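Asks: for reference, the sequence and a predicted model appear below.
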Amino acid sequence: MLNGSGIKIFTGTSHPELAEIIARRLGLPIGKAEVTKSGIGETGVRIVESVREDDVYIINTGCGQINTALMELCIMIHACKIASAKRITAVIPLFPYARQDKKDKSRAPITAKLVANMIQKAGCDHVITMDLHASQIQGFFDVPLFAEPSVLNYIRTTFDISNVIIVSPDAGGAKRATSMADRLGVDFALFHKERKKANEVSRMVLVGHVRGKTAILVDDMADTCGTLCLAAHHLAEAGVDKVYAIVTHGILSGNALTEVMGSALEKLIVTNTLPQRDNQAKCSKIEVIDIGAVLGEVIRRSHYGESVSKLFHEVPY
């Protein structure tokens, strides 16, 4: 818990619930800021209280009207910068445009880098984010966090570890899945996935022995959930006892909730990097892991100049 001296926490409109959880963890109030939108859609921001020489943390995540959330963040950073804040840190649990991280065709932009530049030019000194979609984006940021410790803690306290197998829904997530399997001391399997076009899987081949196991699919994000639901179907056909999925960012767009309800998944476990209350009300299979304590502890350690690396392996209490 902080004594409140020299530190201020502000939130945009994308995920105020998470900001409240973080503020409670730190024992601080949310800073007073007015965020408005004009008739033509322009975002307006006014920081109501003084931030002069303060260590400022602005919490906004990439969800809902994502371009609005990004502009809110940049304008709030700029407002604090010209109000003489000592240091400004953007806390962005889900980084906007993280999937546009490379040139995959001629004349394609690297939008993730553009967004990182925008945030930096607005006056941001540090960025705290979680489970970036691609490892190369980590070079853009100061504190790229991982949800792995929270997920491992959930698995250890929820499942019979002796019968668990960790499964990656694609080859790209193999490193994440093998790391978790090694730390849990369990087996690992993966799917080889072929796509004809984005968000549409044409063929999946399971590599590994899963019969009689409790399979846990792990990934960084669930958007349309097509891949997860198809993987769950193949796992059920391969003879697993039960199938669960754990992802960091539950985007759950389009018909995702309907797909999950009709799938072989027992549960889809997501973190609260994005608001999930409405999704839980619509889909009984959604369960949420709270990562507010982790983000709150990162802010505390960052403010006092303590090491953050411990949080890559342990869950704060």
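Replies: That came through fine.

Asks: most remote residue from the middle of this structure, which is it?
Replies: What lies farthest from the middle of the chain is residue 39; by Cα atoms, centre = their mean that is 31.7 Å.

Asks: which SS class is that residue?
Replies: Under DSSP: H, G, I helix; E, B strand; the rest coil, residue 39 falls in the coil class.

Asks: how about residue 269?
Replies: Three-state call for residue 269 (three-state DSSP): strand.

Asks: hang on, it packs against residue 247?
Replies: Yes: with contact defined as Cβ atoms under 8 Å, residue 269 counts as touching residue 247 (7.5 Å). Backbone N, C-alpha and C define where each C-beta goes, glycine included.

Asks: more neighbours, these two?
Replies: residue 247 (26 against 23; other Cβ atoms under 10 Å).

Asks: what residues does the helix or strand that one falls within touch?
Replies: Per DSSP states H and E: residue 247 is located in strand 242-250. Residues outside strand 242-250 that contact it (Cβ atoms under 8 Å, 6 or more residues apart in numbering) are 93-94, 130-131, 147, 151, 154-155, 159, 214-222, 228, 232, 235-236, 264-271, 273-274, 276, 279, 286, 289.

Asks: can you list the strands that it pairs with?
Replies: strand 214-222 (parallel), strand 265-271 (parallel) (DSSP bridges).

Asks: and those strands as JSON lines, adding distance to residue 179?
Replies: Below are the strands paired with strand 242-250 laid out as JSON lines (distance: least, Cβ to Cβ, whole Å):
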{"stretch": "strand 214-222", "distance to residue 179": "10"}
{"stretch": "strand 265-271", "distance to residue 179": "17"}
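
Asks: between those strands, which one is closest to residue 294.
Replies: Between residue 294 and those, the shortest separation by Cβ to Cβ is 9.2 Å, and it involves strand 265-271.

Asks: now the closest one: how far from the chain's centre is it?
Replies: Between the centre of strand 265-271 and the centre of its host chain there is 15 Å, according to Cα atoms, centre = their mean, to the nearest Å.

Asks: what do you get for stretch 86-94?
Replies: Counting by Cα atoms, centre = their mean, stretch 86-94 is centred 14 Å from the centre of its parent chain.

Asks: among the strands paired with strand 242-250, which comes closest to residue 105?
Replies: With Cβ to Cβ as the measure, strand 214-222 is the member of those nearest residue 105 (21.7 Å).

Asks: buried set for the following helix or strand past the closest one?
Replies: Going down the chain from strand 214-222, the next helix or strand is helix 226-237, by DSSP H and E. Neighbour-count burial for helix 226-237, counted by 16 or more other Cβ atoms under 10 Å, picks out 226, 227, 228, 229, 230, 231, 232, 234, 235, 236.

Asks: same check, this time on stretch 104-122
Replies: For stretch 104-122, using 16+ other Cβ under 10 Å, the buried residues are 110, 112, 113, 115, 116, 118, 119, 122.

Asks: tell me if the fifth one really is in a helix.
Replies: Meaning residue 116. Yes: looking at residue 116 with three-state DSSP, it is inside a helix.

Asks: the strand or helix carrying residue 8 packs against which elements?
Replies: Using DSSP H and E, residue 8 maps to strand 7-11. Applying 3 or more Cβ pairs under 8 Å, 6 or more residues apart in numbering; DSSP states H and E, we find strand 7-11 packed against helix 16-26, strand 55-59.

Asks: any idea which of those is most buried?
Replies: Of all these, strand 55-59 has the most neighbours on average by mean count of other Cβ atoms under 10 Å, namely a mean of 26.

Asks: what's the model's confidence in the helix or strand that it is followed by, averaged?
Replies: Once the chain leaves strand 55-59, the next helix or strand it forms, by DSSP H and E, is helix 66-82. The average pLDDT within helix 66-82 is 96.

Asks: go ahead and confirm residue 49 touches residue 31.
Replies: Yes: contact criterion Cβ under 8 Å: residue 49 and residue 31 qualify, at 6.0 Å.

Asks: these two - which one has more neighbours?
Replies: Neighbour count, other Cβ under 10 Å: between residue 49 and residue 31, residue 31 has more, with 23 against 12.
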